[in-house]
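Undergrad: kindly generate the corresponding structure for this input.
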Amino acid sequence: MNSKLESFLERLETTDSVDDLASLTDVLRDTYDVENVSYLATILNGLPFVSSTYDPRWAAQYEEQNYMLVDPVVRGALQQFHPLDWKKLVWSIKRTRAFLHESIDFGVGKQGYTIPIRGPNGQAAIFAVNHNSNDDGWASYLNEHAHDFMLVSHYFHQKALIAANVTDSVEGRELSPRE
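TA: Next up, the predicted model:
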C-alpha cells in the first residue's frame with residue numbers, strides 16, 4: 001500500500017462523526033492533488049449525506065436547476081456498478097454539453113472519475129474525483145490512482161454508514177428446508 005493511501009485510511013479510521021467525515025474530503029483532495037472530491041449517499045437513515053469540495057455556488061446551481069436529471073454521471077452511476085471515467089460518457093446532447101461547460105466554469109474540473117457504491121439495505125452512494133489535466137495526463141493519473149480511489153470510496157462509505165448509525169443487517173426470511 002502506498003503512503004498516500006495508508007495515511008488517508010489511518011485518518012479515516014479515527015473518524016467517528018459525520019462532521020469529521022465531511023472534512024476529510026478536503027484532506028483527500030489535497031492528498032491526491034485533485035480539483036474536487038465528492039461523496040453523496042442517497043439513503044442514510046432516510047436522509048442524503050453529501051461531503052464535497054465543490055464550490056457551494058455550484059452545489060446550489062446544481063440543485064436549483066435540477067441538474068440531476070441532466071447529469072450523465074448520475075445516470076451512469078445508477079445504471080452501472082463499475083467506475084465511470086467521465087470522458088467515456090455521452091456528452092453530445094446539447095443540454096448535457098452545456099451542463100458540462102457550466103460545471104467546468106464553476107471549477108468542477110475537466111476530467112472526472114465516479115465510483116458507484118451499493119449497500120446491503122438499498123443504500124446507494126457515489127464517490128467522485130475531478131481533475132483539470134488533459135486526456136493523456138488524466139489517463140496516466142487514473143492508471144496510478146484508480147485503485148486507491150476504489151478502496152477509499154468503499155471505506156469512506158463504510159464510515160458514513162457507521163457515523164450515521166445505519167445498521168448493516170439485511171433482513172430476510174428463513175429458508176424452507178427445500179430451499
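
Undergrad: where do the helices sit along the chain?
TA: 3-13, 18-32, 56-64, 72-79, 94-105, 135-163 (DSSP state H).

Undergrad: closest one to residue 86 among those helices?
TA: When the helices of the chain are compared for distance to residue 86 using C-beta to C-beta, the nearest one is helix 72-79, at 6.2 Å. C-beta here means a position set from N, CA and C on the backbone, and glycine is covered the same way.

Undergrad: so what secondary structure elements neighbour that closest one?
TA: strand 84-85, strand 111-118, strand 124-131 (3 or more C-beta pairs under 8 Å, 6 or more residues apart in numbering; DSSP states H and E).

Undergrad: show me the contact partners of it.
TA: With C-beta atoms under 8 Å, 6 or more residues apart in numbering as the test, helix 72-79 has contacts from 68, 84, 86, 89-91, 96, 112, 114, 116, 124, 126, 128.

Undergrad: where does pLDDT dip in the chain?
TA: Per-residue confidence for the chain (pLDDT under 70) gives these ranges: 43-46, 167-179.

Undergrad: centroid residue for it?
TA: Nearest to the geometric centre of the chain sits residue 127, at 1.0 Å (C-alpha atoms, centre = their mean).

Undergrad: for that one, which residues are in contact?
TA: Taking C-beta under 8 Å, 6+ apart as the contact definition, residue 127 lies against 37-39, 114-115, 117, 149, 152-153, 156-157.
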